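Visitor: got a predicted model here, sequence first, then my questions.
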Amino acid sequence: MENKVVLSPKKIVSKEFKVDFKGYNADEVDHFLDQVVKDYEAFAGLLNNSYDRIEQLERRLADQKAMLARLEREKALQDDNLRALEDNVSSNVDILKRLSLLEKAVFSQNK
């Protein structure tokens, strides 16, 4: 199905049919109405494609939001681990400094 729209609302409203001795030319009216039907089918196709694309993008957005939430939780956990490591390193440095001072004191007394 081709999604090219031939008729505009203005063309539909302003369409004038030739009058035959029995009324409007039936072939001309049929042809015009066929164009109207094709346009509505084209619009329906465009609309369905748009709805499908919206659904696809909404699913993708939900996936991205879930991934973002997961990554934020992981980052918070990593931040906590980093803080614990920093505290541990700081504590170890203090212990090493004290040990060094004690060794100096002990070895200086032995000399």
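Guide: Great, that's in hand.

Visitor: what stretches of this protein score poorly on pLDDT?
Guide: For the chain, residues meeting the criterion pLDDT under 70 lie at 1-3, 110-111.

Visitor: the residue nearest to the spatial centre of it is in what secondary structure piece?
Guide: By CA atoms, centre = their mean, the chain has its centre lying nearest to L61, at 3.5 Å. Under the criterion of DSSP states H and E, L61 resides in helix 26-110.

Visitor: that helix packs against which elements?
Guide: Packed against helix 26-110, as judged by 3 or more CB pairs under 8 Å, 6 or more residues apart in numbering; DSSP states H and E, are no other helices or strands. C-beta here means a position set from N, CA and C on the backbone, and glycine is covered the same way.

Visitor: change it to 10 Å
Guide: Applying 3 or more CB pairs under 10 Å, 6 or more residues apart in numbering; DSSP states H and E, one finds that helix 26-110 contacts helix 9-14, strand 19-20.

Visitor: among those, which is nearest S100?
Guide: Closest of the helices and strands packed on helix 26-110 to S100 is helix 9-14, at 89.1 Å (criterion: CB to CB).

Visitor: ok, and what's touching that closest one?
Guide: Under the criterion CB atoms under 10 Å, 6 or more residues apart in numbering, residues 8, 32, 35-36, 39 lie in contact with helix 9-14.
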